[in-house]
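Trainee: got a sequence here, can you build the structure:
(one chain, ligands or ions: 2)
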Amino acid sequence: MGVTLNPAQREAVEHGDGPLLVLAGAGSGKTGVITHRIARLCERGTPPQAILAVSFTNKAAAEMAERMIPLVGRQRAEKLWLSTFHSFGVRFLNEESRALGYPGRFVIFDQGDALGLVREIVRREGLADRKLDLYSVHSRISIWKNRGLSPEQVPVTDFEYDVIAREAYGHYQAGLRNMCAVDFDDLVCAPVNILREREDIREKWRARFRYMLVDEFQDTNRVQLDLVRLLANDRHNVTVVGDDDQSIYGWRGADVGNILDFEQHFRGAKIVKLETNYRSHTPILVVANEAIARSKRKRHDKVLRAFKGPGPKVKLTTLPDAETEAKLIAQEVRELENEGQRLGSIAVLYRSNLQARPVEEQLRVQGLPYRLFGGTKLFDKKEIKDAVAYLRVVVQPRDELSLRRIVNYPTRQIGDTTVERLTRYGRAYDLSFMQVLERIDRIPDVPAAAKRGTGLLLRALEKARHGLESGSLESVARTLFTDVGLERHFREDPNKSTQKRWHNIEYVLRSLERFSKRGGKKATLAGFLTRLTLDLSGEKEVAKEQITLSSLHASKGLEF
Ligand SMILES: Nc1ncnc2c1ncn2[C@@H]1O[C@H](COP(=O)(O)OP(=O)(O)OP(=O)(O)O)[C@@H](O)[C@H]1O
Ligand SMILES: [Mg+2]
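Mentor: Ligands and ions are numbered 1, 2, ... in the order given. The predicted structure is shown next:
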């Protein structure tokens, strides 16, 4: 925003002391107001180290730091406190570690460590007699911590996971203490507790910051608001910017009430609305305003006007199914390209990542390069590679890489030691890995369970090979995935995200079905795999200009 500020932006930037709420729609220069306001405060004589600005992601915080350099100079920019809530928490706890009450230095547990601790507790305390989705247990604890609830304060329900998480919570906190550890949530919760309980520390930090600024305030949760309130000085020099209509982290405990009720949290707050959008043309904003206005939930009233003025109309098309839609999208992209548009300036957005698949496939058919934002490309996903490996072995039993990939997946008691032994045997008698498996009964020192597992695998593969002579490609593949236990492996896993991965395999099956319909009698499994491989390898050339595929969540703040 090396540009002239509009009057509303200037009002926010020039605001003196006291709480300030900048309410604005997307692309209206909210983040710009923060950076310019910081620069203005410095100009007026506030030392940079007395300014704390909080962004929502590490990427955003780093970007803000970058944007400050031309505004205030490198030296001053380096003294500013620019961070996320979590990185602020780390700095705070480093300085106040003694207040944590730990004997030594604290360690920070990442998500993996935290899940490990939950696993240990569930086992030790005998909280469940079956396999649990540990993530579901931990995320409950996390939400409670972020609501500021202690184990005793957690509301009682009789839903199984709630009950288990409630029992685990106290042990979990004790476990962290025993290991001198803080988890991710503690990075905000612990400073809040310390600031609440220790007046001396509170006074020290309050005196330190003359101004505090928070970006994307609509996404803050309860504890983060508490932190802001505890750090605010007597003058309440707190500036927050946000868009209540862009609150997208409700599922993570973000509380849009923080922005809706800002005037209650900070009495006498000045409110500035930014209603000029610098990103889009009028017709887009007309549709957006209209859609937002129909939302039934409580919101601040505001509109967005396009600085760029009129532009092409928004087109709405209704189509019978996802495949037709994907075809139309690929076709439109092709036309835009022919008109001279750069592919890098085109984005396809959708609500959930599942919807990307048909689009991916059609873009491949058209040979249009794309990148998937915030997700793994479908055909790079592990479960798909595993499923494809099975199909490859059916077509080509000598495909050793694929065979090794699936031999013990899902697990069938053919452990690493056994695989090692079989490999040595093959080398000694000059046999392929498949030939070794076929002879497994005659090989000494192979556990009976491994022999049984191998027998099942080989029979399933053989059955599939025969099936191809008469049955449809799709049903052969489906039967194979069932016979080898792949389907059960995904569907019966208690972890929801594992279950969802089966949908990706279903997608391969449907794509196989479409392939045989199109090709009729000429369609073979080998042909399908070749097409897949060619597509896969074609992708490795890095195209400079790529279409962006992204979920709406992941696209936030990007410009196309
Ligand atoms: N007064 C202005 N004149 C011209 N361009 C502007 C002005 N204010 C902002 N912009 C441009 O508008 C775009 C969006 O700015 P910014 O990222 O600060 O908006 P934002 O409200 O934070 O967006 P988001 O809602 O995505 O967080 C930028 O490209 C910026 O340069
Ligand atoms: Mg912004």
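Trainee: pull the contacting residues for the nearest residue to residue 502 once chain neighbours are set aside.
Mentor: Ranked by C-beta to C-beta, 6 or more residues apart in numbering and with sequence neighbours excluded, the top spatial neighbour of residue 502 is residue 490, at 3.8 Å. C-beta here means a position set from N, CA and C on the backbone, and glycine is covered the same way. Applying C-beta atoms under 8 Å, 6 or more residues apart in numbering, we find residue 490 in contact with 383, 498-499, 501-502, 505.
Trainee: ok, residue 490 to residue 528 distance?
Mentor: Distance, residue 490 to residue 528, using C-beta to C-beta, to the nearest Å: 21 Å.
Trainee: number of residues surrounding residue 390?
Mentor: 24 (other C-beta atoms under 10 Å).
Trainee: counting contacts, what elements does the helix or strand hosting it pack onto?
Mentor: Residue 390 belongs to helix 382-395 when assigned by DSSP states H and E. Other helices and strands packing on helix 382-395, by 3 or more C-beta pairs under 8 Å, 6 or more residues apart in numbering; DSSP states H and E, are helix 400-406, helix 448-467, helix 473-483, helix 486-491, helix 496-519, helix 525-538.
Trainee: what's the distance between the third one and the middle of its chain?
Mentor: It refers to helix 473-483. Relative to the centre of its chain, helix 473-483 is centred 32 Å away, using C-alpha atoms, centre = their mean, to the nearest Å.
Trainee: repeat that for stretch 152-165.
Mentor: Offset of stretch 152-165 from its chain centre (C-alpha atoms, centre = their mean): 27 Å.
Trainee: show me what counts as buried in that stretch.
Mentor: Going by neighbour count (16 or more other C-beta atoms under 10 Å), the buried part of stretch 152-165 is 154, 162, 164-165.
Trainee: how about residues contacting that stretch?
Mentor: Taking C-beta under 8 Å, 6+ apart as the rule, stretch 152-165 contacts 122, 127-128, 132-133, 136-138, 140-141, 144, 166, 169.
Trainee: put the alpha carbons of that stretch into PDB.
Mentor: Extracted as PDB, the C-alpha positions of stretch 152-165 are listed here (Å, rounded to 0.1, in the frame of the first residue of the first chain):
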ATOM      1  CA  GLU A 152     -13.000 -29.600  37.100                       C
ATOM      2  CA  GLN A 153     -14.900 -27.000  35.200                       C
ATOM      3  CA  VAL A 154     -15.400 -29.100  32.000                       C
ATOM      4  CA  PRO A 155     -19.200 -29.700  31.500                       C
ATOM      5  CA  VAL A 156     -20.300 -33.200  31.900                       C
ATOM      6  CA  THR A 157     -21.800 -35.100  29.000                       C
ATOM      7  CA  ASP A 158     -22.100 -38.800  28.400                       C
ATOM      8  CA  PHE A 159     -20.700 -38.900  24.900                       C
ATOM      9  CA  GLU A 160     -17.900 -41.500  25.100                       C
ATOM     10  CA  TYR A 161     -15.100 -39.200  23.800                       C
ATOM     11  CA  ASP A 162     -16.100 -36.400  26.100                       C
ATOM     12  CA  VAL A 163     -16.000 -38.700  29.100                       C
ATOM     13  CA  ILE A 164     -12.500 -40.100  28.200                       C
ATOM     14  CA  ALA A 165     -11.100 -36.700  27.400                       C
END
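Trainee: quick one: average pLDDT of that stretch?
Mentor: The average pLDDT for stretch 152-165 rounds to 91.
Trainee: which residue packs closest to whatever residue of the stretch 251-400 of the chain ends up closest to ligand 1, ignoring adjacent ones?
Mentor: When scored by C-beta to the nearest ligand atom, the stretch 251-400 of the chain has residue 278 as its residue closest to ligand 1, at 3.2 Å. Computed as C-beta to C-beta, 6+ apart, the closest residue to residue 278 that is not its neighbour in sequence is residue 307, at 4.8 Å.
Trainee: now for that neighbour: which residues touch it?
Mentor: Under the criterion of C-beta under 8 Å, 6+ apart, the contact list for residue 307 reads 276-278.
Trainee: out of those residues, who's the most crowded?
Mentor: Neighbour counts for the contacts of residue 307, by other C-beta under 10 Å, peak at residue 277, which reaches 24 neighbours.
Trainee: picking that back up, list the buried residues of the helix holding residue 390.
Mentor: For helix 382-395, the neighbour count (16+ other C-beta under 10 Å) marks 383-384, 386-395 as buried.
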